[in-house]
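Student: I'll drop the sequence and a predicted model, then ask my questions.
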Amino acid sequence: MQSQGQTWRALRVPLVTLGGFLFALALVVLGAFYLWRGPITVHGAPTGRLIERFTAVERYVHWTVAITFTVLGVTGLILTFGKAVLLPLIGYTLFSWLATLAKFLHNFVGPILAVVLPIMIVLFMGENLFRKGDWAWLKRGGGMLTGEHVPSGKANAGQKILFWIMAVGCGLALIVTGLILDFPNFDQTRATMQVANVIHLVAGLIAILSAVRPHLSRLDRHAGSARRHAYGVRRRNLGPRAPRVLVQRGKRGSPGGTAACARGHPA
């Protein structure tokens, strides 16, 4: 007989309960903020001109991470809270199918994240190093409450904090502990897997809570937001005040040659 299972259960159950309340609270706060602040729109009508903010490789890697993280987040929430939340609503038969599907998706999609997330960290690490101007952005809250535009680099201070907490800290912790739990054939002890399970739970909840606010807030900007995020950033005006680093990418003399590249320039 060993008491480690009871110790693991005594530690895990309160964490799951606390995590559930925090997740629900985050959704309530986000909804309240949206009702108070309203949609975040662009200043003026879109010009139709596009600036390439991220390369094709950066976009493909980011979307791969985003899709795999979403699948893992949803399935992880089902496996963690499904018995308490979904089972009373949908019954044993449907929940058993849903939980089985969630388990298989979680186990097989996890290794994909283990490959692409380190690539994304390397690609975006240089843009997320903290610089002097970030403190001014933090002091003004990024204009989130006032609606003012606070100057920043390609990534603002809030995005940098999320990058280091969510992608680097929680992401790498999830990968290491996930591989320990996914492949129990490398002589891991029961105690090692129990510790990995608790760390995986905490890191996953922090990562999901960190991802909810900044990513859901992008959904209300305007109808072209998905295309803008995928192909570049629309600017309200590319007239005389446009940055000189813009590089014309269209054919010379063609009326459609309006896309420009401003890598490294705030957009």
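Tutor: Thanks, I have it.
Student: contacts and neighbour counts: CA atoms only from here.
Tutor: OK.
Student: in the stretch 101-250 of the chain, which spans are helices?
Tutor: Across the stretch 101-250 of the chain, reading from the start of the chain, the helices by DSSP state H, counting those that start in this stretch fall at 133-139, 157-162, 171-182, 190-216, 225-231.
Student: Counting neighbours, which bits of the first one end up buried?
Tutor: For helix 133-139, burial by neighbour count (16 or more other Cα atoms under 10 Å) applies to D134, W137.
Student: Show me what it packs onto, helices and strands only.
Tutor: Helix 133-139 makes packing contacts with helix 157-162 when contacts are defined by 3 or more Cα pairs under 8 Å, 6 or more residues apart in numbering; DSSP states H and E.
Student: For the helix it packs on, enumerate the helices and strands it packs against.
Tutor: In terms of contacts (3+ Cα pairs under 8 Å, 6+ apart), helix 157-162 is packed against helix 133-139.
Student: So what touches the helix it packs on?
Tutor: Taking contacts as Cα atoms under 8 Å, 6 or more residues apart in numbering, the residues outside helix 133-139 that touch it are V150, P151, S152, N156, A157, G158.
Student: ok, 10 Å please
Tutor: Residues from elsewhere that reach helix 133-139, judged by Cα atoms under 10 Å, 6 or more residues apart in numbering: 141-143, 149-153, 155-158, 160.
Student: which residues touch C170?
Tutor: With contact set as Cα under 10 Å, 6+ apart, C170 has these partners: F163, W164, I199, H200, V202, A203, G204, L205, I206, A207, I208, S210.
Student: One more pass at 7 Å, please.
Tutor: Applying Cα atoms under 7 Å, 6 or more residues apart in numbering, one finds that C170 lies in contact with A203, G204, A207.
Student: now K160
Tutor: Under the contact definition (Cα under 7 Å, 6+ apart), the residues listed for K160 are N128.
Student: how far away is it from V57?
Tutor: K160 sits 20 Å away from V57 when distances are taken as Cα to Cα, to the nearest Å.
Student: which of the contacts of C170 lies closest to V85?
Tutor: G204 (18.3 Å; Cα to Cα).
Student: number of nearby residues for the closest one?
Tutor: 23 (other Cα atoms under 10 Å).
Student: For it, give me its contacts.
Tutor: Contacts for G204 (Cα under 7 Å, 6+ apart) come out as C170, L174.
Student: and if you look at G19?
Tutor: G19 neighbours (Cα under 7 Å, 6+ apart): L205.
Student: On the three-state scheme, it is what?
Tutor: Taken by DSSP: H, G, I helix; E, B strand; the rest coil, the conformation at G19 corresponds to helix.
Student: May I have the predicted confidence score for it?
Tutor: You'll see G19 listed with a pLDDT of 76.
Student: Going forward, the N-terminal residue is numbered 795.
Tutor: I'll keep to 795 as the first residue from here, and by that count the last item is G813.
Student: Would you mind measuring from it to P905?
Tutor: For G813, the distance to P905 (Cα to Cα) stands at 24 Å.
Student: since we're on G870, how many residues are nearby?
Tutor: By other Cα under 10 Å, 21 other residues sit near G870.
Student: and what of the one 5 residues further on?
Tutor: In terms of burial, F875 registers 16 neighbours under the definition other Cα under 10 Å.
Student: Tell me the spacing between it and V865.
Tutor: Distance check for F875 against V865: by Cα to Cα, it reads 15 Å.
Student: sorry, back to before: adding distance to L829 and pLDDT, write the contacts of helix 927-933 out as CSV.
Tutor: Below are the contacts of helix 927-933 laid out as CSV (distance: Cα to Cα, whole Å; pLDDT from 0 to 100):
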residue, distance to L829, pLDDT
G935, 19, 78
G936, 19, 77
G937, 17, 74
H943, 20, 75
V944, 22, 79
P945, 26, 79
S946, 26, 80
G947, 29, 80
A949, 26, 86
N950, 24, 87
A951, 25, 87
G952, 22, 87
K954, 26, 92
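Student: For these, which single residue is the most surrounded?
Tutor: Top of the contacts of helix 927-933 by neighbour count (other Cα under 10 Å): A951, with 23 neighbours.
Student: In contact with that one, which residues?
Tutor: In this structure, A951 makes contact with D928, W931, L932, judged by Cα under 7 Å, 6+ apart.
Student: run the last query once more with 6 Å
Tutor: D928 (Cα atoms under 6 Å, 6 or more residues apart in numbering).
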